[in-house]
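Colleague: everything below, folded, please.
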Amino acid sequence: MAQDKPTSKIKTKSKPGKTAAALAPATDFSLRYASGITAEDLRKHLSILASDEYEGRETGKKGQKMAAEYISKQFTALGLTGPVKDSDSPYLQHFTMNRLRLDPSTSVKIGGKTFVLNKDFYAVVNGTFVTATPVQPVFAGYGIQAEGYTDFAAAGDLHGKDLLMLLGEPMGKNGKPLRQDEKTGLMFGDLGFQGVVDRMVAIRPLKPRSLFCIEPTAGAFGQVPKTFAYLLGLEQLAFADAPARTRPNLFIVSPEMGSALLGTNAAGLANYQKAVAAAGKPVVSPFKPAAALVQTVEKKEPFTTENVLGFLEGSDKKEEVIVVSAHYDHLGVKDGKVFNGADDDGSGTVSVLELAEAFAQAKKDGHGPRRSILFLANTGEEEGALGSEYYTSHPIFPLENTVTDLNIDMVGRVDSTHRGKGDYLYLVGSDKLSSELHALSEATNQKYNPVALDYKFNDPNDPERIYFRSDHYNFAKHQVPVIFYYSGGHPQFHQPTDDVDLIDFPAMVRRDQLIFHTAWELANRDSRVVVDSNKP
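Modeller: Residues are numbered from 1 along each chain as shown. The predicted structure is shown next:
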């Protein structure tokens with residue numbers, strides 16, 4: 001996600017509900033119960049879940065278990081029922097994962113030389129090299145596809161191949177990047193994690209088996225533990241009964257190892273770079289990749305984790321279900337630092353708790369929803385949306401009866417684009433499967449003290465690819481209409497500094513009230529929203 005400077009507090013346009021009260025009738029129960037969503041309650045829950053005591057809520061670890069217990073107790077206290085059968089707790093949907101670690105014996109053999117893990121290369125693998133396997137190399141230049149420059153125009157079918165590519169960005173004679181789309185924000189020149197992520201927009205659809213990314217200098221390679229700290233710091237998780245993971249293997253390799261893979265040397269690499277600069281475009285390389293064998297050795301440690309479910313039964317349309325979701329896991333403790341994840345996604349988790357309280361109070365007062373509502377706190381999102389994948393593969397309520405998923409992930413901050421400009425919220429996915437859902441969302445926002453709805457990230461081709469990156473997408477894949485709510489990136493994203501004191505609670509209240517109003521309309525309208533538009 002995009003990174004921005006730290007946020008400052010903003011004031012909401014009015015106290016919750018005041019403006020809408022002048023427009024809405026006195027019998028508008030949605031307005032009444034939305035006003036019960038308060039900054040004080042959000043802060044109370046978040047100060048607990050995002051505290052050091054919860055140890056960053058890493059999937060399968062102590063802090064995640066503590067958070068699951070806290071959330072389930074909140075659901076119980078609100079009078080929600082636990083819908084999970086055959087579990088030690090009806091609020092917990094347990095499932096088994098494997099924690100995978102690369103063994104130091106993982107190696108790449110090129111000619112007569114063996115290159116060593118964490119010395120000559122770093123890797124994140126997907127299980128396809130468990131036996132010694134020949135590399136199927138294709139040199140892909142800089143691995144860039146952009147306006148004015150593409151390395152893939154004549155690459156042919158890359159499905160299942162192993163791409164060898166140079167990190168960094170090709171420069172012209174004038175010292176400027178050869179590509180012409182600098183305004184997209186893609187950071188091809190970055191020699192770390194972001195540089196690889198931005199390349200994946202073009203590479204992912206080509207379905208290669210592996211990427212061998214060659215650092216340009218020994219100094220850059222020496223920084224890999226730092227520049228790829230987020231990726232290398234994550235343990236790989238996989239379902240116990242799952243086939244090989246689909247994301248490509250990633251190898252970050254030293255210049256020496258990269259030269260060996262390409263059958264050249266440092267001078268040969270330098271000459272290729274000069275030739276590209278002189279031509280102002282990709283050129284045919286003289287490289288003849290060497291025969292190489294890769295063998296990865298993974299250690300598996302099984303463990304259990306759990307989604308947390310709270311169910312509020314509807315009235316005359318109770319067989320139809322609205323899902324309100326967020327992920328409650330985060331990154332845990334790394335190098336002695338707790339990654340508290342106050343915004344990511346403590347903000348979404350406590351929003352789910354507040355929405356659950358508002359709907360539960362409405363039902364106690366005799367104004368409960370017509371459709372049922374499932375409040376779903378997912379585990380394992382940081383490891384690849386694993387909890388929502390498990391739920392949609394093992395749904396407690398049939399997916400054909402699931403009307404919509406409203407997913408909340410990072411709604412607690414104000415990004416640099418909107419700072420000082422009033423209340424706003426990014427919406428993603430509302431128009432992808434149901435035009436009715438999108439229209440309902442827009443109309444609901446206009447009815448209740450509207451905030452600025454920003455659809456910047458709604459484009460599936462947006463470099464951030466946010467539509468594909470959180471739990472809602474697992475519902476969309478099953479033709480369940482979704483809306484993803486998000487307030488934007490910031491410099492504390494996936495850092496130990498994502499703490500409660502940076503959360504803008506008044507802004508968060510306004511966002512949660514909008515989500516509540518939308519859920520209320522979805523739960524109480526005469527007909528469910530129809531699936532009538534694009535594929536997910």
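Colleague: which stretches in the stretch 51-200 of the chain count as helices?
Modeller: Listed in chain order, the helices of the stretch 51-200 of the chain (DSSP state H, counting those that start in this stretch) span 62-78, 193-203.
Colleague: quick one: buried residues of the shortest one?
Modeller: What it means is helix 193-203. If you call a residue buried by 16 or more other C-beta atoms under 10 Å, then helix 193-203 has these buried ones: 193-203. To be clear about C-beta, it is placed using only N, CA and C from the backbone, and glycine gets the same treatment.
Colleague: for it, give me every contacting residue.
Modeller: For helix 193-203, the surrounding residues in contact (C-beta atoms under 8 Å, 6 or more residues apart in numbering) are 143-145, 150, 152, 163, 165, 167-168, 186-190, 211, 213, 227-231, 248, 250, 461, 463, 465.
Colleague: any of the residues you listed buried? List them.
Modeller: Applying 16+ other C-beta under 10 Å to the contacts of helix 193-203, the neighbour count classes 143-145, 150, 152, 163, 165, 167-168, 186-188, 190, 211, 213, 227-231, 248, 250, 463, 465 as buried.
Colleague: which of the contacts of helix 193-203 fall in strands?
Modeller: When DSSP state E defines the strands, the subset of those inside them is 145, 150, 163, 165, 211, 213, 250.
Colleague: identify the farthest-apart pair in the residues you listed.
Modeller: For the ones in strands among the contacts of helix 193-203, the maximum inter-member distance is 21.1 Å, found between T150 and L250 (C-beta to C-beta).
Colleague: L92: which of the ones in strands among the contacts of helix 193-203 is nearest?
Modeller: Closest to L92 out of these is L250 (33.6 Å), distances taken as C-beta to C-beta.
Colleague: quick revisit: make CSV out of the buried residues of helix 193-203 and add pLDDT and distance to P286.
Modeller: Converted to CSV, the buried residues of helix 193-203 look like this (pLDDT from 0 to 100; distance: C-beta to C-beta, whole Å):
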residue, pLDDT, distance to P286
F193, 87, 30
Q194, 87, 30
G195, 90, 25
V196, 92, 25
V197, 86, 30
D198, 86, 27
R199, 90, 23
M200, 88, 27
V201, 81, 29
A202, 87, 24
I203, 92, 23
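Colleague: how about JSON lines for those residues, with distance to E436 added?
Modeller: Supplementary listing: the buried residues of helix 193-203 in JSON lines, determined by distance: C-beta to C-beta, whole Å:
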{"residue": "F193", "distance to E436": "39"}
{"residue": "Q194", "distance to E436": "38"}
{"residue": "G195", "distance to E436": "41"}
{"residue": "V196", "distance to E436": "39"}
{"residue": "V197", "distance to E436": "34"}
{"residue": "D198", "distance to E436": "35"}
{"residue": "R199", "distance to E436": "37"}
{"residue": "M200", "distance to E436": "33"}
{"residue": "V201", "distance to E436": "30"}
{"residue": "A202", "distance to E436": "34"}
{"residue": "I203", "distance to E436": "36"}
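Colleague: what's near enough to touch L178?
Modeller: Neighbouring residues of L178 by C-beta under 8 Å, 6+ apart: 148-149, 169-172, 276-277, 280-281.
Colleague: filter those residues to the buried ones?
Modeller: Neighbour counting over these (16+ other C-beta under 10 Å) leaves 149, 169-170, 172, 276-277 as the buried ones.
Colleague: ok, so of the residues you listed, who is nearest V403?
Modeller: For V403, the nearest member of those is Y149. The distance, counting by C-beta to C-beta, is 45.1 Å.
Colleague: that closest one and L186 touch, don't they?
Modeller: No - using C-beta atoms under 8 Å, Y149 is not in contact with L186; the gap is 11.4 Å.
Colleague: F212 contacts P248, doesn't it?
Modeller: No - look at F212 against P248 with C-beta under 8 Å: they stay out of range, at 10.3 Å.
Colleague: apart from its neighbours in sequence, what residue is nearest H494?
Modeller: Taking C-beta to C-beta, 6 or more residues apart in numbering as the measure, H494 lies nearest to Y230, with 5.6 Å between them; neighbours along the chain are not counted.
Colleague: hang on, isn't the one you found packed against Q495?
Modeller: No - taking contact to mean C-beta under 8 Å, the distance of 9.2 Å between Y230 and Q495 leaves them out of contact.
Colleague: quick check: L269 is in a helix.
Modeller: Yes - note on L269: a helix contains this position according to DSSP: H, G, I helix; E, B strand; the rest coil.
Colleague: how about it: what's its closest non-neighbour residue?
Modeller: Nearest residue to L269, sequence neighbours excluded (C-beta to C-beta, 6+ apart): S259, at 6.2 Å.
Colleague: could you check the angle strand 162-166 makes with whichever helix or strand that neighbour is part of?
Modeller: In this structure, S259 is located in helix 255-262 according to DSSP states H and E. In terms of direction (axes from the mean of the first three to the mean of the last three C-alpha atoms, to 10 degrees), helix 255-262 departs from strand 162-166 by 130 degrees.
Colleague: next, the angle strand 210-214 makes with helix 255-262.
Modeller: Computed by the same axes, to 10 degrees, the angle between helix 255-262 and strand 210-214 is 130 degrees.
Colleague: other SSEs contacting helix 255-262?
Modeller: Packed against helix 255-262 by the contact rule (3 or more C-beta pairs under 8 Å, 6 or more residues apart in numbering; DSSP states H and E) you find strand 107-110, strand 113-116, strand 162-166, strand 210-214, helix 266-279.
Colleague: burial of L425, as a residue count?
Modeller: The burial metric for L425, expressed as a neighbour count using other C-beta atoms under 10 Å, is 21.
Colleague: and it, how far is that from A507?
Modeller: As for L425, its distance to A507 is 9 Å (criterion: C-beta to C-beta, to the nearest Å).
Colleague: now list whatever residues contact both of those two.
Modeller: When contacts are counted by C-beta under 8 Å, 6+ apart, L425 and A507 are jointly contacted by S487.
Colleague: spit out the contact partners of D52.
Modeller: Contacts of D52 were listed using C-beta under 8 Å, 6+ apart, and they are 338, 340.
Colleague: then K109?
Modeller: Contacts were defined as C-beta under 8 Å, 6+ apart; by that measure K109 touches 115, 132, 292-294.
Colleague: kindly state the beta-bridge partners for it.
Modeller: Beta-bridge pairing of K109, defined through DSSP bridges, involves T114, L293.
Colleague: and it, how far from V84?
Modeller: When C-beta to C-beta is applied, the distance between K109 and V84 equals 48 Å.
Colleague: same check, this time on Y485
Modeller: Taken as C-beta to C-beta, the spacing of Y485 relative to V84 amounts to 26 Å.
Colleague: could you do I396 as well?
Modeller: Computed with C-beta to C-beta, the distance linking I396 and V84 is 6 Å.
Colleague: now for these two: what residues contact both?
Modeller: Looking at what touches both I396 and V84 (by C-beta under 8 Å, 6+ apart), the common residues are 93, 309.
Colleague: so how far is stretch 475-495 from its chain's centroid?
Modeller: 6 Å (C-alpha atoms, centre = their mean, to the nearest Å).
Colleague: so which bits of that stretch are buried?
Modeller: Across stretch 475-495, burial judged by 16+ other C-beta under 10 Å covers 475-476, 480-490, 492-495.
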